[in-house]
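Trainee: with the input below, show me the fold.
(one chain, ligands or ions: 1)
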Amino acid sequence: MKAYLALWAELFVLSWRRQRRLTAATLASIALSVVAVAVSALALRATVDAIVRGDTTGAVAAAVAAGLTYALNLVLHDTSGLLRITTTDRVGRLDLHPRVHRDIARLEGLEHLERTDFLDRVSLVRAGTGQLVASMWNALLAVASVAKLVLVMLLLGTVSPWLLLLLLVAAVPVWCDHRGQAVVKRVEVETAEAQRLEQHLADLAAQAASGKEIRVCGAGPDLARRQLEAWRAAMGPRYRAQLTAAVWKFTGWLLFVAGFVGGLGLVAYRTAQGHGTVGDLVLAVTVAASLRQSVQTTVVSTTATAGAGRLIEPYLWLREYVTEEDAAAREGLAAPAALDVGIELRDVSYTYPGTDRLAIDSLSVHLPAGSVVAVVGEYGSGKTTLVKLLGKFYRPDSGRITVDGTDLADLDTRAWRDRSSAAFQDFGRFHTRFSEVVGLGDLPRLQDRARITEAVRDADAETLLATLPRGLDTQLGRELDGIDLSEGQWQRTALARASMRHDPLLFILDEPTASLDAPSEQAIFERYMDRARRLARATGAVTVIVSHRFSTVTGADQILVLDKGRLAECGTHEELMRLQGRYADLYGIQETAYAERRAR
Ligand SMILES: Nc1ncnc2c1ncn2[C@@H]1O[C@H](COP(=O)(O)OP(=O)(O)OP(=O)(O)O)[C@@H](O)[C@H]1O
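Mentor: Numbers count the residues shown, from 1 in each chain. Below is the predicted model:
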């Protein structure tokens, strides 16, 4: 609760700084709404009693006061919601939303993008920044509506203490509503996985990449059937939960109405018996009539406040996660200027969270400074996981990775990344100007056209650049009125981006040529072998090349053959061929396949 209060206080300060007058007006409207009904009812009682006494002046004055407060009530009813929505919207969009995006972008690891449980929380916060701000106003509104309820009850108590029982009656719909909402929330959590599946299947059918294959396979109807099943699995229980909540709500209101009618009957009876004035009767009717509205506001605002935990919990979790990750990433040592020994892995194991299979299994190997290391192996053997561990995207569950003797975990993550370059197989397609798409590889040189042109040359992407209508200034991405590139062309931009840094200590090429034809692949590898040698002389950089095609990496200083996360074999091409083991088998199979294809 303390954390919630602190967060609401912080959001209020944010709102105050962003729009002082609007925030003050919203606050004033909430405060006035607490007393408006009571003042209006008291003025009405005074009016009626003055009329009964024959006091014309007093009656007119009280009637004017009653009219004004009644009007104020109407104005507040119409405007306070509008004021809250406006302040919420502005603070949500202009302050909280960018802040959440900054936090997410700042995270050094990949877990928040890859783990479904993390992803769920991150998506919830991203979509709900406006609701987070609204929760602060709802909390204030909840306090105000409870205060209003207490005031109303005090007034009723002055007419007859029996009317205080209406407070209990008023609590019934609040309690019933909470019960109903608890059912809805529980079912939402239980069916979250089915809903994710339904969304995934809908995306599969709607996206161009998967859409092509689905049409070729004729899997559309089957996919639609599965989507419908997932939809039913998610929505069936949710509809039933909504129905249960509606029954709880209806029952609550029914009990309240019964109590309300009974209470008014009691006051009418007492007045007829000569207890209290006609003004008291008018006051009781006015106040009791507003009780429904007061209770409704209390129910809505307290339910919304209680429900805000759904967003507040993930938001507080995200903040804590960012703070912890930030501290862990920043407390590190500086990266060395150049490598002398190289990178060493000792007994490194890694399992992806939520799985029970080792993606990297007790891997020990030395990657000497200045060497070109090729990583080969079958699908899912752990090649990408290994390079991600070297890039410090994940931390090993056990074992150590050392860089010139210093544990990678102790190095400042940002400093290590500043000295790494990488082209991954799932490269980014950034829809901006071509020069920026490449320049992003070395942010301080984002505008350095000479350096960018050099990187384009390194990636053998000059022909691509020559075909672009506005050269380096060409906008990419059709939805931004730019041009679209083919898969191979996008891949070349990723390679050029990875070539931007002059002095990396680690240079990763994870299947960098998967979308290129064989001659282009060979040409690129030769270029990158040259680049690797240049980098080796300059900084002792280790170049790691992941590939499926064995023939292209035969020139590597060291070839690591992975099998189910384990290091099956390790050595130069000649050594591994002499070994006549797994590498020689797989190399032979690929060579025969290529030879047969060439012969056809
Ligand atoms: N984000 C992830 N979450 C859970 N498991 C994962 C994740 N990424 C990879 N894995 C699993 O880890 C194992 C190793 O995957 P990895 O991507 O490292 O293999 P790879 O050799 O690079 O495969 P490929 O040649 O297909 O790229 C596989 O069993 C894979 O299913």
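Trainee: in which helix or strand does the residue nearest the centre of the chain reside?
Mentor: Among the residues of the chain, the one closest to the centroid is Val122, at 2.5 Å (Cα atoms, centre = their mean). If you go by DSSP states H and E, Val122 is part of helix 116-127.
Trainee: rounded mean pLDDT for the next helix or strand after that helix, please.
Mentor: Helices and strands here follow DSSP H and E; after helix 116-127, the next one along the chain is helix 129-159. Mean per-residue pLDDT for helix 129-159: 86.
Trainee: can you name the element that comes right after helix 129-159?
Mentor: Per DSSP H and E, the first helix or strand lying C-terminal to helix 129-159 is helix 165-190.
Trainee: by contact count, what packs against that following helix?
Mentor: Helix 165-190 sits against helix 129-159, helix 220-272, helix 278-307, with contacts defined as 3 or more Cβ pairs under 8 Å, 6 or more residues apart in numbering; DSSP states H and E. No exception for glycine: its C-beta is placed from N, CA and C like everyone else's.
Trainee: buried ones in that helix, by neighbour count?
Mentor: Buried residues in helix 165-190, defined by neighbour count with 16 or more other Cβ atoms under 10 Å: 165-167, 169-174, 176-178, 180-181, 183-185, 187.
Trainee: on the three-state scheme, Ser421 is what?
Mentor: strand (DSSP: H, G, I helix; E, B strand; the rest coil).
Trainee: only alpha carbons, please: show the helix holding Val122 as CSV.
Mentor: Output of helix 116-127 as CSV, limited to C-alpha atoms (Å, rounded to 0.1, in the frame of the first residue of the first chain):
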residue,chain,number,x,y,z
THR,A,116,6.4,-14.4,-22.3
ASP,A,117,5.7,-13.7,-18.6
PHE,A,118,8.0,-10.6,-18.8
LEU,A,119,6.5,-9.6,-22.2
ASP,A,120,3.0,-9.8,-20.8
ARG,A,121,3.8,-7.3,-18.0
VAL,A,122,5.7,-5.0,-20.3
SER,A,123,2.9,-5.0,-22.9
LEU,A,124,0.4,-4.3,-20.1
VAL,A,125,2.3,-1.3,-18.9
ARG,A,126,3.0,0.1,-22.4
ALA,A,127,-0.7,0.0,-23.2
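Trainee: need the residues of the chain near the ligand, please.
Mentor: Proximity of the chain to the ligand, by Cβ under 6 Å from any ligand atom, involves residues 114, 352, 355, 357, 359, 377, 379-385.
Trainee: buried ones among these?
Mentor: Ala359, Gly377, Ser381, Gly382, Lys383, Thr384, Thr385.
Trainee: need the contact list for the nearest residue to the second one once chain neighbours are set aside.
Mentor: Nearest residue to Gly377, sequence neighbours excluded (Cβ to Cβ, 6 or more residues apart in numbering): Leu562, at 3.6 Å. Leu562 is in contact with Val375, Val376, Gly377, Ser381, Gly382, Lys383, Leu386, Ala568, counting by Cβ atoms under 8 Å, 6 or more residues apart in numbering.
Trainee: okay, buried residues for stretch 469-489 please.
Mentor: Applying 16+ other Cβ under 10 Å to stretch 469-489 flags Leu472, Thr474, Gln475, Leu476, Gly482, Leu485, Gln489 as buried.
Trainee: and that stretch, how far out from the chain middle?
Mentor: 28 Å (Cα atoms, centre = their mean, to the nearest Å).
Trainee: repeat that for stretch 455-472.
Mentor: Distance, centroid of stretch 455-472 to centroid of chain: 35 Å (Cα atoms, centre = their mean).
Trainee: tell me the mean pLDDT over that stretch?
Mentor: The average pLDDT within stretch 455-472 is 90.
Trainee: for stretch 40-58, same thing?
Mentor: pLDDT averaged over stretch 40-58 gives 89.
Trainee: check stretch 82-98 too.
Mentor: On average, stretch 82-98 scores 83.
Trainee: dump the residue contacts of Arg449.
Mentor: For Arg449, the contact set (Cβ under 8 Å, 6+ apart) comprises Ser435, Leu472.
Trainee: try Thr543
Mentor: Ser371, Val372, Val373, Phe507, Ile508, Leu509, Tyr528, Arg531, Ala532, Leu535, Ala536.
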